[in-house]
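Undergrad: How does the following fold in three dimensions:
(chains A, B, C and D)
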Number of protein chains: 4
Amino acid sequence: MDLESVKRLLQKEGGAYETTVDSLPQRFFEPFVCHGLKVDLIEKGRIICSFTVPPRLLNTATSLHGGATATLVDLIGSAVIYTMGSPMTGVSVEINVSYLDGAYVGDEIEVEGKALRVGKAIAVVSVDLKNKKTGKIIAQGRHTKYLALSSKL
Amino acid sequence: MDLESVKRLLQKEGGAYETTVDSLPQRFFEPFVCHGLKVDLIEKGRIICSFTVPPRLLNTATSLHGGATATLVDLIGSAVIYTMGSPMTGVSVEINVSYLDGAYVGDEIEVEGKALRVGKAIAVVSVDLKNKKTGKIIAQGRHTKYLALSSKL
Amino acid sequence: MDLESVKRLLQKEGGAYETTVDSLPQRFFEPFVCHGLKVDLIEKGRIICSFTVPPRLLNTATSLHGGATATLVDLIGSAVIYTMGSPMTGVSVEINVSYLDGAYVGDEIEVEGKALRVGKAIAVVSVDLKNKKTGKIIAQGRHTKYLALSSKL
Amino acid sequence: MDLESVKRLLQKEGGAYETTVDSLPQRFFEPFVCHGLKVDLIEKGRIICSFTVPPRLLNTATSLHGGATATLVDLIGSAVIYTMGSPMTGVSVEINVSYLDGAYVGDEIEVEGKALRVGKAIAVVSVDLKNKKTGKIIAQGRHTKYLALSSKL
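TA: Purely as a prediction, here's the structure:
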């Protein structure tokens, strides 16, 4: 791919969507990604959700965008920490995701978050995305947060 | 936080934004995140972009959403691989991000992607986000892709 | 800590162990770490081992060295891939480890490796270290390998 | 590979090295790995070392063992944090390593650690391993530590 094409790919100038993007409200990113998510089980240290891959979250290769998957790891990871009684004020320290299989429009996926450790200062949650029909793991990630309020990161 | 509140937080039911989300086009995720990105430098194995943190990408704590940062690592990482002449058809193997400092609305950030290795099959790119004014690193991530076309992941 | 002390810490010059290190055989690293490891269960895609934390693998804070934990993730991760019939010739692409709790001399730990995906080219294994007595997770890691022989990394 | 062979590979029973391993002193892991490391530059937030790949740290494929590389990321990462005046008492939260190229016996490598952030509670250091002769990057990793003394992880 020549450099000009790569540049255009990133800048996406002049697309019809520009007006749309500009009119979107504050903090729209989170509802934009997780709209449609259903919580099937929630208990201390564990959450299981259902999510049907929507057209809006596809990448150019027509599977669930890697950034959307990482965002689900972020969101569900944080939510699992809240179930342990932690305040909503932690900050992310690290997120990692291994991409294992593609997920396509209409695929029903199960997202399961499990607390690995929720201490006073550091919390780590693992998040698995699985295709409900095939049982195959689509992605596995971990979200590490720093929880302490008073002292700074 | 009680479990019902965590559940509501994830499901975000009944918000005014629901109609908006449903009306958004296919593959809207990528332009939604990177709208406004400007490519300042592009050469073989290296890209530097400017990006002003927009209100739409904030998290509830009013800083750039961790999932949006991960998406920039994904996108810029891929773009750097394309500058090496690789086809656009690779798949993500792993993305990781360390979050080092907050980025707030209106902050101008520099996103720099550098190829660490682009081989026949495996490519790894590091991506740094830096606050242009303070020079502080906001995040550092790596994006690993598998490039081969013919054989399956 | 002043810079000279940090330097000495890294260079560890003049210790009594120097003669010992120099006399150790080729490829001694792997037996040095995993000596004492017992395989309790081995099946396609899954291995469970027992390991008692030995004095030789402690860090200066008297718990299991983070580098030793990472090495166990490397070794058990590779072994799980071999159980799927893969050749021993893959190369590591990525290893990550979250450290969740300390493990001390004499602690019996269970190391469990599970294949997340073993494809033609890319294999990913998750590895958990758990304290057998308390049930607490000590560490969780993932090992990603590239398996293909003929083409280069 | 059949399951019995994988088991033998992990358990390495009956090797001549067994007596040797048993006679090694407490905390031998760290000197065992980093013996021979020379510090070329040390300043606040940055360390550059030289290291010649020794036979003892090879894997079965005769290149520098991935666990040894991870251990160098651990050690140099910690040392960089100490140069910032932090106490030696932090605990590892996360280590990750991307393996980019092989390093072979006698190869002279440069290991460079750079502080990305050293705050009151969280420190993150990036560590690059580079072949001195070819300039190629062998590995890039990050080491995240939690520094606070009084409160528990």
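
Undergrad: Show me what from chain A comes close to chain C.
TA: Residues of chain A found near chain C (C-beta under 8 Å from any C-beta of the partner chain) are A:96, A:98, A:100, A:101, A:116, A:117, A:124, A:126, A:137, A:140, A:142, A:144. The C-beta positions use only the backbone N, C-alpha and C, and glycine is treated the same way.

Undergrad: How about residue A:118: what's its closest non-neighbour residue?
TA: Distance criterion C-beta to C-beta, 6 or more residues apart in numbering or on different chains; nearest residue to residue A:118, sequence neighbours excluded, is residue A:84 at 4.2 Å.

Undergrad: what does residue A:133 give?
TA: Nearest one to residue A:133, counting by C-beta to C-beta, 6+ apart, is residue A:108 at 6.7 Å.

Undergrad: go on, residue A:50?
TA: The shortest distance from residue A:50 to any residue other than its chain neighbours is 4.6 Å, reached at residue A:38 (C-beta to C-beta, 6+ apart).

Undergrad: Determine the number of other residues adjacent to that neighbour.
TA: Using other C-beta atoms under 10 Å in any protein chain shown, residue A:38 is surrounded by 13 other residues.

Undergrad: Which pair of the residues of chain A next to chain C spans the longest distance?
TA: The largest separation in the residues of chain A next to chain C, counting by C-beta to C-beta, is between A:101 and A:117 at 27.4 Å.

Undergrad: ok, the two, which is more surrounded?
TA: Comparing residue A:101 with residue A:117 by neighbour count (other C-beta under 10 Å), the higher total belongs to residue A:117, at 21 against 18.

Undergrad: so what secondary structure elements neighbour the particular helix or strand that has that one in it?
TA: Taking DSSP states H and E as the definition, residue A:117 sits inside strand A:108-118. Secondary-structure packing of strand A:108-118 (3 or more C-beta pairs under 8 Å, 6 or more residues apart in numbering or on different chains; DSSP states H and E): strand A:46-52, helix A:66-83, strand A:122-131, strand C:137-146.

Undergrad: Please write out the alpha-carbon positions of the shortest one in PDB.
TA: Translated: strand A:46-52. Taking Å, rounded to 0.1, in the frame of the first residue of the first chain, the C-alpha atoms of strand A:46-52 are listed here in PDB:
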ATOM      1  CA  ARG A  46     -18.200 -12.300  38.100                       C
ATOM      2  CA  ILE A  47     -20.400 -11.100  35.300                       C
ATOM      3  CA  ILE A  48     -21.700 -12.900  32.200                       C
ATOM      4  CA  CYS A  49     -23.200 -10.800  29.400                       C
ATOM      5  CA  SER A  50     -24.700 -11.600  26.000                       C
ATOM      6  CA  PHE A  51     -24.000  -9.400  23.000                       C
ATOM      7  CA  THR A  52     -24.900  -9.800  19.400                       C
END
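
Undergrad: Just want the angle from that strand to strand A:108-118.
TA: Angle of strand A:46-52 versus strand A:108-118, following axes from the mean of the first three to the mean of the last three C-alpha atoms, to 10 degrees, is 160 degrees.

Undergrad: hmm, back to that, would you check that my belief about the residue nearest to residue A:118 contacting residue A:44 is correct?
TA: Yes: using C-beta atoms under 8 Å, residue A:84 is in contact with residue A:44, at 6.1 Å.

Undergrad: who's more crowded, these two?
TA: Counted by other C-beta under 10 Å, residue A:84 and residue A:44 do not tie: residue A:84 has more neighbours, with 17 against 11.

Undergrad: Quick one: low-confidence residue ranges for chain A.
TA: The model of chain A has pLDDT under 70 over residues A:13-16, A:149-153.

Undergrad: let's see 90
TA: For chain A, the stretches flagged by pLDDT under 90 are A:1, A:9, A:12-25, A:60-62, A:85-89, A:148-153.

Undergrad: Kindly check the end-to-end length of stretch A:60-74 for me.
TA: End-to-end distance for stretch A:60-74: 22 Å, by C-alpha to C-alpha, to the nearest Å.

Undergrad: Identify the residues contacting residue A:10.
TA: Residue A:10 makes contact with B:34, B:37, B:39, B:47, B:49, B:75, B:76, B:79, according to C-beta atoms under 8 Å, 6 or more residues apart in numbering or on different chains.

Undergrad: er, residue A:117 I mean
TA: Residue A:117 makes contact with A:123, A:124, C:100, C:101, C:137, D:153, according to C-beta under 8 Å, 6+ apart.

Undergrad: hmm, 10 Å instead?
TA: By C-beta atoms under 10 Å, 6 or more residues apart in numbering or on different chains, the contact list for residue A:117 reads A:45, A:84, A:123-125, A:144, C:98-101, C:136-140, D:153.

Undergrad: next one: residue A:101
TA: A:63, A:129-131, A:134, A:136-139, B:91, B:153, C:116-117, C:119.

Undergrad: out of the contacts of residue A:10, who's near chain A?
TA: Near chain A, taking C-beta under 10 Å from any C-beta of the partner chain as the test, the members of the contacts of residue A:10 found are B:34, B:37, B:39, B:47, B:49, B:75, B:76, B:79.

Undergrad: Looking at the residues you listed, spot the one nearest residue D:12.
TA: residue B:76 (43.6 Å).

Undergrad: still on that earlier bit, for PyMOL, write the selection for the buried entries among the contacts of residue A:10.
TA: The following PyMOL line selects those of those that are buried, judged by 16 or more other C-beta atoms under 10 Å in any protein chain shown:
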select buried, chain B and resi 34+37+39+47+49+75+76+79
